[in-house]
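Trainee: what follows is a protein structure lacking sequence information:
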């Protein structure tokens with residue numbers, strides 16, 4: 001873990017030092033394990049007895065039942081209005097004048113530019129101009145492309161596998177995320193779901209499947225759509241990894257309706273619970289969905305549309321139609337005709353890995369011979385759209401505005417990357433958080449979209465206006481050369497952050513971005529000028545023909561309704 005040391009210190013501080021505990025003793029995990037082994041050897045039923053003692057026979061317990069109150073939000077709003085009115089009526093003229101003066105002073109202070117010249121800082125000349133090249137090789141094994149990263153991994157093997165979903169029937173495509181979630185949690189081949197879970201827990205560090213959608217780094221109209229398998233294990237457990245994968249690919253079972261209902265309901269509840277902490281991400285996905293093929297497919301598979309589908313499936317008693325969709329997905333994707341693999345493993349383990357991997361590949365079907373994981377959407381026409389997504393569960397808003405830009409390989413991509421940091425750090429943070437009262441706000445360049453957002457926002461209409469003002473501020477060149485340098489440093493901090501052993505080679509494997517392409521992009525970032533930033537702000541955000549996607553997630557808002565927002569209840 002990148003933050004292992006910090007997290008360890010926090011754990012020791014909170015749970016040990018604050019209670020006068022032995023911090024050094026707490027680090028001696030192996031001593032505790034040996035004590036446990038000795039007790040278990042002396043008494044084979046030691047663990048069962050402790051469960052009986054502390055859980056079954058222990059009557060010291062508290063049962064707490066929470067019942068939601070349907071009128072809670074409205075009552076809280078009325079109470080706040082009454083309290084506010086009472087406070088206003090109690091103010092004298094002198095107190096009102098004092099509040100006004102304090103408010104004006106605060107507004108002036110928020111607009112001041114702090115003097116940070118005396119603070120130590122890193123300079124652009126301190127940044128290495130060369131990318132740190134990744135030593136990768138790509139070879140064919142059993143007719144399948146395999147990317148190798150042969151570096152020290154501390155005795156752990158990491159495996160990734162992209163499998164095309166191009167042949168999934170259109171009506172079954174929305175069920176791919178549910179398929180990914182269920183696949184490692186249902187029975188397969190000769191194993192029950194309990195046995196599969198035990199095999200994964202006993203032999204692997206993790207095994208999962210997820211959707212992968214990414215535009216081509218040269219052509220935004222070309223979209224790769226696939227399932228990404230990710231697994232890792234100790235080197236000595238490599239045969240188990242591919243044995244488990246073979247069983248899953250051979251025959252996943254979607255017949256246990258009762259178990260599937262439980263899994264689906266838990267998944268739907270989990271996704272619903274993510275609405276508040278991740279509301280800005282949902283708003284950003286919705287805003288981008290009308291602009292490009294990538295935006296539309298991403299929202300369908302991981303946005304509000306997917307949340308609505310999960311809720312619908314969770315409320316369905318008869319799962320036969322859902323089972324048909326899952327089987328259709330399985331028939332299309334559990335095949336290696338259009339797949340590519342990546343392994344991060346120590347060089348000494350390569351032969352053992354290839355032996356096990358060859359056995360897995362030889363047993364997986366390869367019936368699709370004319371498919372490509374990349375799909376062309378040359379006829380896609382983006383459109384401007386304004387959407388208000390309302391939910392009774394939300395009492396604050398998340399606002400987002402998105403515009404289409406250019407792919408990674410385009411000259412302007414680096415200019416837009418610097419612009420996004422400049423907008424966030426020098427304008428949006430002050431306007432949206434400090435003045436507007438939102439928890440946060442900013443702009444993000446992801447693939448071919450530049451997206452503005454606010455987080456837990458009491459004033460979404462003001463934030464939408466701030467997004468436009470931010471672009472106008474940048475287009476007018478109302479920033480300093482120091483601001484530009486800081487924005488470049490922020491981008492380099494993102495590009496140069498430490499890469500975990502499990503993630504080495506991901507840019508090449510998932511997005512096709514080579515070291516050469518990364519170096520070109522790096523050189524362009526160093527070369528970004530004031531005119532470049534002003535130009536892309538005008539061209540991609542403010543120009544009259546720019547298509548904009550706007551989405552606000554939150555409670556009903558009359559101002560947005562009057563502005564022509566399309567309303568959807570979620």
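Mentor: Received it, and whenever you're ready, just let me know what you need. A quick note: this is a predicted structure, and the numbers were derived from the prediction, not measured. Numbering: from 1, shown residues only.
Trainee: in this protein, where's the longest strand?
Mentor: Identified as the longest strand of the chain according to DSSP state E is strand 222-234.
Trainee: got the buried residues for stretch 451-464?
Mentor: 451-457, 459-464 (16 or more other Cβ atoms under 10 Å). All C-beta atoms are positioned from the backbone trio N, CA, C, and that covers glycine.
Trainee: distance to residue 252 and secondary structure added to the residues you listed, as a markdown table?
Mentor: Formatted as a markdown table, the buried residues of stretch 451-464 follow (distance: Cβ to Cβ, whole Å; DSSP: H, G, I helix; E, B strand; the rest coil):
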| residue | distance to residue 252 | secondary structure |
| --- | --- | --- |
| 451 | 36 | strand |
| 452 | 41 | strand |
| 453 | 37 | strand |
| 454 | 42 | strand |
| 455 | 38 | strand |
| 456 | 40 | coil |
| 457 | 42 | strand |
| 459 | 48 | coil |
| 460 | 43 | helix |
| 461 | 48 | helix |
| 462 | 50 | helix |
| 463 | 45 | helix |
| 464 | 45 | helix |
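Trainee: and those, which is closest to residue 403?
Mentor: Nearest to residue 403 among the buried residues of stretch 451-464 is residue 451, at 7.9 Å by Cβ to Cβ.
Trainee: which residues of this protein fall in strands?
Mentor: So, for the chain - with DSSP E - the strands run 137-141, 144-150, 156-164, 206-215, 222-234, 339-345, 374-376, 385-390, 398-404, 440-446, 449-455, 548-554, 566-569.
Trainee: who does the first one touch, helix- and strand-wise?
Mentor: The criterion is 3 or more Cβ pairs under 8 Å, 6 or more residues apart in numbering; DSSP states H and E, and the helices and strands that strand 137-141 contacts are strand 144-150, helix 350-363.
Trainee: now residue 496: phi and psi?
Mentor: phi -100, psi 10 (degrees, to the nearest 10).
Trainee: and the gap between the most centrally placed residue in the chain and residue 418?
Mentor: With distances taken as Cα atoms, centre = their mean, residue 281 lies nearest the centre of the chain, 8.1 Å away. Computed as Cβ to Cβ, to the nearest Å, the residue 281 to residue 418 distance reads 23 Å.
Trainee: cool, and residue 457?
Mentor: Residue 457 is 25 Å from residue 418, by Cβ to Cβ.
Trainee: neighbours of the closest residue to residue 492 other than its chain neighbours, how many?
Mentor: Computed as Cβ to Cβ, 6 or more residues apart in numbering, the closest residue to residue 492 that is not its neighbour in sequence is residue 127, at 5.2 Å. As a burial measure, residue 127 scores 16 neighbours (other Cβ atoms under 10 Å).
Trainee: same deal with residue 553?
Mentor: 30.
Trainee: that one bridge partners, please.
Mentor: Beta-bridge partners for residue 553, by DSSP bridges, are residue 389, residue 398.
Trainee: enumerate every residue touching it.
Mentor: 275, 279, 282-283, 286, 304, 389, 391, 394, 397-399, 570 (Cβ atoms under 8 Å, 6 or more residues apart in numbering).
Trainee: so how far is residue 398 from it?
Mentor: To residue 398, residue 553 is 4 Å away according to Cβ to Cβ.
Trainee: what do the two both touch?
Mentor: 279, 282, 283.
Trainee: so where's the stretch 301-450 of the chain shaky on pLDDT?
Mentor: Counting by pLDDT under 70, the stretch 301-450 of the chain contains low-confidence residues at 368-373, 378.
Trainee: switch to 90 and redo it
Mentor: Applying pLDDT under 90 to the stretch 301-450 of the chain flags the ranges 332, 335-339, 363-382, 391-395.
Trainee: in the stretch 151-300 of the chain, where is pLDDT below threshold?
Mentor: 166-167, 189-190, 219-222.
Trainee: in JSON lines, list the contacts of residue 553 along with distance to residue 241 and neighbour count.
Mentor: Formatted as JSON lines, the contacts of residue 553 follow (distance: Cβ to Cβ, whole Å; neighbours: other Cβ atoms under 10 Å):
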{"residue": "275", "distance to residue 241": "35", "neighbour count": "19"}
{"residue": "279", "distance to residue 241": "37", "neighbour count": "26"}
{"residue": "282", "distance to residue 241": "34", "neighbour count": "24"}
{"residue": "283", "distance to residue 241": "38", "neighbour count": "31"}
{"residue": "286", "distance to residue 241": "37", "neighbour count": "28"}
{"residue": "304", "distance to residue 241": "35", "neighbour count": "23"}
{"residue": "389", "distance to residue 241": "41", "neighbour count": "24"}
{"residue": "391", "distance to residue 241": "41", "neighbour count": "18"}
{"residue": "394", "distance to residue 241": "42", "neighbour count": "18"}
{"residue": "397", "distance to residue 241": "45", "neighbour count": "27"}
{"residue": "398", "distance to residue 241": "39", "neighbour count": "30"}
{"residue": "399", "distance to residue 241": "44", "neighbour count": "32"}
{"residue": "570", "distance to residue 241": "39", "neighbour count": "18"}
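Trainee: tell me which of these is nearest to residue 253?
Mentor: residue 304 (30.6 Å).
Trainee: would you list the strands of the chain in CSV and tack on distance to residue 259?
Mentor: Shown next, in CSV, are the strands of the chain (distance: least, Cβ to Cβ, whole Å):
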stretch, distance to residue 259
strand 137-141, 36
strand 144-150, 33
strand 156-164, 24
strand 206-215, 18
strand 222-234, 22
strand 339-345, 29
strand 374-376, 34
strand 385-390, 32
strand 398-404, 35
strand 440-446, 36
strand 449-455, 37
strand 548-554, 33
strand 566-569, 31
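Trainee: which of those sits closest to residue 509?
Mentor: strand 339-345 (4.3 Å).
Trainee: residue contacts, residue 408?
Mentor: 217, 218, 447, 511, 513, 517, 521.
Trainee: touching, the first one and residue 512? I think so.
Mentor: Going back to what we said before, that points to residue 217. Yes - applying Cβ atoms under 8 Å as the test, residue 217 and residue 512 come out as touching, 5.7 Å apart.
Trainee: who has more neighbours, those two?
Mentor: residue 217 (21 against 16).
Trainee: that one - nearest residue in space that isn't next to it in sequence?
Mentor: residue 408 (4.0 Å).
Trainee: can you check residue 252 too?
Mentor: For residue 252, the spatially nearest residue (Cβ to Cβ, 6+ apart) is residue 188, at 4.8 Å.
Trainee: same check, this time on residue 365
Mentor: residue 335 (4.9 Å).
Trainee: give me the phi and psi for that neighbour.
Mentor: According to degrees, to the nearest 10, residue 335 has phi -160, psi 150.
Trainee: check whether it really touches residue 364, as I assumed.
Mentor: Yes - using Cβ under 8 Å, residue 335 is in contact with residue 364, at 6.9 Å.
Trainee: helices along the stretch 51-200 of the chain, start to end?
Mentor: Secondary structure of the stretch 51-200 of the chain by DSSP state H, counting those that start in this stretch: the helices cover 72-90, 93-111, 176-183, 193-203.
Trainee: so for residue 264, which of those sits nearest?
Mentor: helix 176-183 (7.1 Å).
Trainee: the closest one relative to strand 222-234, how many degrees between them?
Mentor: 10 degrees (axes from the mean of the first three to the mean of the last three Cα atoms, to 10 degrees).
Trainee: helices or strands next to helix 176-183 in the packing?
Mentor: Secondary elements touching helix 176-183 (3+ Cβ pairs under 8 Å, 6+ apart): strand 206-215, helix 257-273, helix 293-302, helix 304-314, helix 320-333.
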